[in-house]
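In: Provided below for reference: sequence and predicted model.
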Amino acid sequence: ADDTVCMGTTTFVGASAIGGAGNYIYKWSNGLGMGQVKTVQPTTTTTYFVTAYDMYGCSSKPASLPVIVRNIFKDSIYATKSRDICVGDSVMLMGYFNGIMGGYTYLWNTGQHTLGPIYAKPTVPSNFILSVFDACNNYLTDTIHVNVYTMPTINLPANIESGCIPLAVQFKNNSTVASN
């Protein structure tokens, strides 16, 4: 059976045998030595092999026991945005995560518990942070910055401000490009 543990966690691997002449001795790989149950603390996913010997030295076929170590730090997370926005617009945010172990929790700093898409309507330039937590309470984060541009103001003063109907008016464009 598989055993999944958090990094730095101690667990036990054990075996039992049937058949043969009894009085079994268990010999483990990976430097674990002899014994029916062994304590391990792997730092990476490790497969342990054990062979049982009966009282006459007859051996079983080696059996394997993988101990899977959760390591979210080998995974990748990134947050994306649809675009920078103008005041009053919404931005779509989306997260991507390549973890395969399951049991993950996602959290944006806006409170949503999803990879997305989510929508936000900031009024000032803002950072949005996506965090992913694994079952061991380890986490990764990524931040995406959304620029919020002010709305342009139109400034078209008339050259002629009064006259008789029909009045022909010409406008001069004195607009400036908004800057952030």
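Out: Okay, I see it. Numbering: from 1, shown residues only.
In: hey, let's count contacts and neighbours off CA atoms from now on
Out: Will do.
In: Wait, C86 touches T150, no?
Out: Yes. C86 lies in contact with T150 (Cα atoms under 8 Å); the separation is 5.9 Å.
In: which stretches of the chain aren't confidently modelled?
Out: Across the chain, the ranges flagged by pLDDT under 70 are 1-2, 156-161, 175-180.
In: can we see that at 90?
Out: 1-3, 7-8, 102, 151-180 (pLDDT under 90).
In: ok, so what distance separates G111 from V91?
Out: Shown here: G111 relative to V91, a distance of 16 Å by Cα to Cα, to the nearest Å.
In: Between the two, which has more neighbouring residues?
Out: V91 (21 against 9; other Cα atoms under 10 Å).
In: Now do the contacts for that one.
Out: Each residue near V91 by Cα atoms under 8 Å, 6 or more residues apart in numbering is listed here: K81, S82, R83, D84, I85, Y119, A120, K121.
In: Isn't T11 up against P66?
Out: No. Applying Cα under 8 Å, one finds T11 not in contact with P66, separated by 11.9 Å.
In: my guess is A17 contacts T51, does it?
Out: No. If you go by Cα under 8 Å, A17 and T51 don't touch, sitting 9.3 Å apart.
In: State whether Y56 and A21 are indeed in contact, as I suppose.
Out: Yes. Between Y56 and A21 there is a contact under Cα under 8 Å: 7.0 Å.
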